[in-house]
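Visitor: Would you be able to build a 3D model of this:
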Amino acid sequence: MLMILDTNILSLMQRRVQPPTDRITARLCLVPPQDQWTTIVTFQEQTKGWLAAIHHARNESQLLAGYRSLLEMLDDFRKLKVFPFDKDALAIFRELKAKHLGVGTRDLRIASIALARGAKVITQNLKDFEKVPGLSAEDWTV
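Guide: Below is the predicted model:
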């Protein structure tokens, strides 16, 4: 089965937060590399965060750290397979949005991509993703 790493899971791994990273990595080892994905929405979220850090840098040290982190993120994404937010995902997104599920827009876009691809979302945010009908989601940090 295809696995989509949600933004929070990918962020934990990038920062090497323990013990969650070891747990996630152990589970990922059981998934064929061709089935490990993330989404363009995750790229958007992370890019937005680092651009904001750069914009709000109060000194040269923070500015350099922001740019270094942005470059590290870009390097990470060069190694990842990234699902697009395409017409199929958009159609599902529209249907889900009309149901007023109480899920944030970007999470709903990630869920729509997963449903369009028949993928499972790996996330710490089960509270929101479990509201999406037909979506399979798991938390690999526990």
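Visitor: count of residues packed around residue 68?
Guide: 11 (other Cβ atoms under 10 Å). All C-beta atoms are positioned from the backbone trio N, CA, C, and that covers glycine.
Visitor: brain fart, residue 50
Guide: For residue 50, which is what you asked about, the neighbour count (other Cβ under 10 Å) is 19.
Visitor: What strand or helix carries it?
Guide: helix 40-55 (DSSP states H and E).
Visitor: Run through the neighbouring helices and strands of that helix.
Guide: Identification of packing neighbours for helix 40-55 by 3 or more Cβ pairs under 8 Å, 6 or more residues apart in numbering; DSSP states H and E yields helix 7-15, helix 60-78, strand 82-83, helix 105-117.
Visitor: Of these, which is nearest residue 40?
Guide: Residue 40 sits nearest to strand 82-83 of all the helices and strands packed on helix 40-55, at 5.6 Å, using Cβ to Cβ.
Visitor: Under the pLDDT cut-off, which ranges of this structure? List them.
Guide: Scanning the chain with the threshold set as pLDDT under 70 gives no residue ranges.
Visitor: Tell me which of the helices and strands packed on helix 40-55 sits most buried.
Guide: Using mean count of other Cβ atoms under 10 Å, the stretch among those with the greatest mean number of neighbours is helix 105-117 (a mean of 23).
Visitor: Using PDB, write out every CA atom in that helix.
Guide: What follows is the C-alpha trace of helix 105-117 in PDB, where atoms were taken according to Å, rounded to 0.1, in the frame of the first residue of the first chain:
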ATOM      1  CA  THR A 105      -7.800  23.100   4.300                       C
ATOM      2  CA  ARG A 106      -4.300  21.800   3.900                       C
ATOM      3  CA  ASP A 107      -5.100  18.600   5.800                       C
ATOM      4  CA  LEU A 108      -8.100  18.100   3.600                       C
ATOM      5  CA  ARG A 109      -5.900  18.500   0.500                       C
ATOM      6  CA  ILE A 110      -3.500  15.900   1.800                       C
ATOM      7  CA  ALA A 111      -6.500  13.600   2.500                       C
ATOM      8  CA  SER A 112      -7.800  14.200  -1.000                       C
ATOM      9  CA  ILE A 113      -4.500  13.300  -2.500                       C
ATOM     10  CA  ALA A 114      -4.400  10.100  -0.400                       C
ATOM     11  CA  LEU A 115      -7.900   9.100  -1.400                       C
ATOM     12  CA  ALA A 116      -7.200   9.800  -5.100                       C
ATOM     13  CA  ARG A 117      -4.100   7.600  -4.900                       C
END
